[in-house]
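>>> this one's sequence-less:
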């Protein structure tokens, strides 16, 4: 597994494996970043954007703070303070992260980046960090969009980014129970590749699939592939192994239990504050052999919302059920006539799904939808167009960021009774904020990424011209207003991203006070030195 | 709602409502208890049972310890120390509870029984109990079979049973989102009656449905009606209100969220140790209009197990999928030829379900099952016979207890790879223990109550003759052996009952140590005086 010849940096390189060279400042791999000409072409679509893209700084030309601590000799083989590693582990991949990286600001870079190759390495690193009063920031693949991997507290002597990417194997497969024991650092494609020979799949496909890890999904309660039913990774967990500073927490591998509060549910969503997830037994599925998808059009979004609600409450549980509002449909290239588009997909490992798709389409028609007949295979279809646009979006976002265009998303979930009001309020009130901040009406688009019998998860995209140098402050003002609107509507501050540091104001408002006390107490019991991802979910002790 | 004319006890009666008079010693209502002649007839089926039923003691003739504290005048209207109330709140409804009640042993009776009529009453009672160092045992309808409502710790000055049955209303209904805000003390029938006019149903039907409450289901993570998919009450929760000694915990009403560890999941399964659940927003369903069920026969249980696994992994999600082994099929009266019986049921509010049932039956046939064609309506069918037997079982158990027959159940869940081994080991090794303890081979029957893609929940019934006066000790020895076998097989100590006090040894083994520290810390933060259900899940502080 160790390929030291492919070292990305000169000098010491403890990375166990080095796949396609990842961008240190933006999404995905360096090769996928859009060239300057394409940045300009995209910028031209947004009136008020910059004329030329921000240059991508050369790391060698940037100033990084001197590392404040060195690893002990026993751990030196696992650690790197190479500028490229430190730079790449400074930020996540939010819009504000991209802009700050492009500005060359690496003041918050971790002092060391650790690459454990075994669970014992994780134990040893936590022990050392506890003694050194070094903060440890667990790091999967760094796709956090909420400041989850960026140290901002003050009282620690140093900061270690704990990159789990070396723990990337499927260790055991149980074909009978359809489950596998998987290390937390496995990227989506790596774990699917290892499961494929068994005819099994996790089928957890967040937009970040290529560049996020099982451990990251678990630590943040990620939302994945399915639009209905088992939407979150939480439901796919049989058991977890978590290294905490006071010992390894291993839950029993179970299909169901009623024995006390679920131990796993305390660590799911703990975002690296209670322990480091090292592996999990995950529930798998047979690989689907039958798939079909179709798009349905609606003249107005409110009618579409009601239709989607009927589908969500039907018990038919489509695998995909994404509703795009007119703006989102336009940006995604699936409609340009002001209609709203519903992408419906069904799949099965067992037998043909046409009957179920027909039932869904009939339901959508009964509620005002009009549709083309199902198109076999997604190629060339609106569903396929949407999917291509979906995967390309983060690269487009980076290109727009280089053109000083504010381009960011926020997401939420609320019960159906509040969905129409929330949608209208965001469009109206946040629209006014965007205009005040940027001087342009910009775009505020929405899609429903997941739907439930009792509610939906609206996902908003904001695109507006920024002023070069002020982009982060401008976005922060817009985001604060968005968080306020969500809170006022009883909607959650995050549905399938995480809390991190950026969502703390909304989270602190959402979280019940007694639960905050309980979580604080659990944190102090498991992480007495307060070294684990300080500032995420909870204030660091004494601050 | 308050009907003081129906007072069950002379003198003060704070009960807000008094439905059919409930048995103080056994299951359900007094009128449903089997008469002596039927007890004898049932005993005659178990060689070695007693000749005559134990008499049911008259409470007036029993000695209860003198109450150690009186309520303050402001709370007196909510409290009772009437012998009948204290006796009825001493035990749950496990076999060992029934036997001890019949023996007239009421030494562990609570000093006071409190009947709050509002959430503020709950707050006031906890405040008072904290000051008085009185343990508070939250009590729904007392159907615990794990010692969950029976105080056994020692350091408190007194014990108050907190009977939530006065909080029994559906407070609010949201037809659009299909949800309702329901008070925790509502019994199953009471909440369904209030939901029916809205065309909605919670459809959580545990065997204890008539005599258990929403709050009890939530506090114990109860398993309910559905054999697949949303088996546990956990998944039906939008939000909770919980009174803790440090404040009221109210979570946001959400269809989904990724904001930190789920606050609700800490209280679900907390069994009254972290707070008193007073109400919950629950996800509801449209009332099903189409139902069909069928039974499938299998020549041997192992083949049947494989067939059920195929069904559980098919994604067809039948509402009912109960597999009865030959002994269980015989006792339930649905087969007498040594075959195993699978009861399959499907239902929908949307449209006919015959197609889905046919798919399920085809799958069962492909895996070795043979079936009669579906019988419309359950009356007269094996499925209907099984359901009648199912609801009658607790009364039969009580009758057998009076005949000094050990008659008890235990349940678990494990992954499919371990299911056949667990089944065989329980039959063989626990069979040997039963024979050693009772001198008779007795019966050890099994049914699968719930099935998952990755495992099953086997539910075992043990019937064997006991020696009058030694029944509890004999059962405890059998149960300890059962708990050991479950633990050895990596199976959970409880799937749809609870931990209470009786399952503590198995639970302490199952629960990861770091999680135990976190739970202890959360408990100390929320219940600093340690008054809430001490001894459940965790040792009381200082003991």
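Nice, thanks for sending it over. This one's a predicted model, so the numbers in the text were calculated from it and none came from an experiment. Residues are numbered from 1 along each chain as shown, chains lettered A, B, ... in the order given.

>>> rest of the way, CA atoms for contacts and neighbours
Noted.

>>> counting contacts, what elements does the helix of greatest length in chain A pack onto?
Criterion DSSP state H: the longest helix present in chain A is helix A:382-402. The contact analysis (3 or more CA pairs under 8 Å, 6 or more residues apart in numbering or on different chains; DSSP states H and E) places helix A:382-402 against helix A:36-43, helix A:95-102, strand A:290-298, helix A:326-332, strand A:405-411.

>>> Can you say which of the ones you listed is nearest to chain B?
Judged by CA to the nearest CA, the one of those that comes nearest to chain B is strand A:405-411, at 10.2 Å.

>>> Off-centre distance for the longest helix of chain A?
Relative to its chain's centre, helix A:382-402 lies at 15 Å (CA atoms, centre = their mean, to the nearest Å).

>>> Can you point out the buried residues in it?
For helix A:382-402, burial by neighbour count (16 or more other CA atoms under 10 Å in any protein chain shown) applies to A:382-384, A:386-387, A:389, A:393-402.

>>> Quick one: residues in contact with it.
Contact with helix A:382-402 is made by A:26-28, A:32-34, A:38-39, A:42-43, A:53-55, A:95, A:98-99, A:102, A:207, A:293-295, A:332-334, A:343, A:378-379, A:406-408, as judged by CA atoms under 8 Å, 6 or more residues apart in numbering or on different chains.

>>> So among the residues you listed, which ones count as buried?
Among the contacts of helix A:382-402, the ones that count as buried by 16+ other CA under 10 Å are A:26-28, A:33-34, A:39, A:42-43, A:53-54, A:95, A:98-99, A:102, A:207, A:293-295, A:332, A:334, A:343, A:378, A:406-408.

>>> the helices in the stretch 401-543 of chain A, which residues?
For the stretch 401-543 of chain A, the helices defined by DSSP state H, counting those that start in this stretch occupy A:419-425, A:431-438, A:471-488, A:504-510, A:513-526.

>>> whoops, I mixed them up, the stretch 251-400 of chain A
Listed in chain order, the helices of the stretch 251-400 of chain A (DSSP H, counting those that start in this stretch) span A:263-267, A:301-312, A:326-332, A:354-366, A:382-402.

>>> With the stretch 51-200 of chain A instead?
Using DSSP H, counting those that start in this stretch, the helices of the stretch 51-200 of chain A run over A:83-88, A:95-102, A:119-132, A:188-195.

>>> Indicate which one of the ones you listed is closest to chain B.
Nearest of the helices of the stretch 51-200 of chain A to chain B, taken as CA to the nearest CA: helix A:119-132 at 14.1 Å.

>>> Just the buried residues of the closest one, please?
Neighbour counts over helix A:119-132 (16+ other CA under 10 Å) mark A:119, A:122-126, A:129-130 as buried.

>>> Reformat these as CSV; add pLDDT and distance to chain B.
CSV is the format used below for the buried residues of helix A:119-132 (pLDDT from 0 to 100; distance: CA to the nearest CA, whole Å):
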residue, pLDDT, distance to chain B
A:119, 98, 16
A:122, 98, 16
A:123, 98, 14
A:124, 98, 17
A:125, 98, 18
A:126, 98, 15
A:129, 98, 19
A:130, 97, 17
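
>>> With distance to residue A:69 added, can I get the helices of the stretch 51-200 of chain A in CSV?
Formatted as CSV, those follow (distance: least, CA to CA, whole Å):
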stretch, distance to residue A:69
helix A:83-88, 13
helix A:95-102, 23
helix A:119-132, 9
helix A:188-195, 33
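
>>> hang on, the earlier thing: and the helices of the stretch 401-543 of chain A, which is most packed in?
Between the helices of the stretch 401-543 of chain A, helix A:513-526 has the highest mean count of neighbours, a mean of 22, where neighbours are mean count of other CA atoms under 10 Å in any protein chain shown.

>>> Which strands or helices does it pack on?
strand B:247-250, helix B:513-526.

>>> Show me the contact partners of it.
A:244-246, A:273-275, A:530, A:538, B:244, B:246-249, B:263, B:514, B:517-519, B:521-523, B:525-526.

>>> quick one: residue A:170 from chain B, how far?
As judged by CA to the nearest CA, to the nearest Å, residue A:170 and chain B stand 17 Å apart.

>>> For that residue, grab the count of nearby residues.
Burial measure for residue A:170: 21 neighbouring residues, criterion other CA atoms under 10 Å in any protein chain shown.

>>> Spatially nearest residue to it (excluding sequence neighbours)?
Spatial nearest neighbour of residue A:170, excluding adjacent residues (CA to CA, 6 or more residues apart in numbering or on different chains): residue A:182 at 4.3 Å.

>>> before we move on, what about residue A:216?
Distance criterion CA to CA, 6+ apart; nearest residue to residue A:216, sequence neighbours excluded, is residue A:140 at 5.4 Å.

>>> Now that the one you found has come up, it's in contact with residue A:213, right?
Yes. Proximity of residue A:140 to residue A:213 meets the contact threshold set by CA atoms under 8 Å, at 5.5 Å.

>>> Show me the common contact partners of those two, please.
By the contact definition CA under 8 Å, 6+ apart, residue A:140 and residue A:213 are jointly contacted by A:165, A:184-185.

>>> will you turn the helices and strands packed on helix A:513-526 into TSV that also has mean pLDDT?
Listed next are the helices and strands packed on helix A:513-526 as TSV, based on pLDDT from 0 to 100:
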stretch	mean pLDDT
strand B:247-250	98
helix B:513-526	98
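
>>> how about these in JSON lines, adding distance to residue A:362?
Formatted as JSON lines, these follow (distance: least, CA to CA, whole Å):
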{"stretch": "strand B:247-250", "distance to residue A:362": "40"}
{"stretch": "helix B:513-526", "distance to residue A:362": "48"}
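
>>> Now do the contacts for residue A:27.
Under the criterion of CA under 8 Å, 6+ apart, the neighbours of residue A:27 are A:33, A:93, A:143, A:394-395, A:398.

>>> Which one of the residues you listed is nearest to chain B?
Nearest to chain B among the contacts of residue A:27, counting by CA to the nearest CA, is residue A:143 at 15.6 Å.

>>> what's around the closest residue to residue A:119 other than its chain neighbours, how many residues?
Spatial nearest neighbour of residue A:119, excluding adjacent residues (CA to CA, 6+ apart): residue A:278 at 6.5 Å. As a burial measure, residue A:278 scores 22 neighbours (other CA under 10 Å).

>>> What are the neighbouring residues in contact with the closest residue to residue A:255 other than its chain neighbours?
Once flanking residues are discounted, residue A:255 sits nearest to residue B:455: 5.2 Å by CA to CA, 6+ apart. With contact set as CA under 8 Å, 6+ apart, residue B:455 has these partners: A:177, A:254-255, B:309, B:413-417, B:419.

>>> Of those - the most surrounded one?
Tallying neighbours with other CA under 10 Å puts residue B:413 at the head of these, with 32 neighbours.

>>> can you pull the pLDDT of that residue?
As predicted, residue B:413 sits at a pLDDT of 98.

>>> That one contacts residue A:259, doesn't it?
No. Assessed by CA under 8 Å, residue B:413 is found out of contact with residue A:259, at 10.7 Å.

>>> So for these two, which residues contact both of them?
Counting by CA under 8 Å, 6+ apart, the common neighbours of residue B:413 and residue A:259 are B:492, B:494-495.

>>> Check the burial of the residue nearest to residue A:432 when sequence neighbours are not counted by counting its neighbours.
What sits nearest to residue A:432 in space, not counting adjacent residues and going by CA to CA, 6+ apart, is residue A:441, at 7.5 Å. By other CA under 10 Å, the residues close to residue A:441 number 17.
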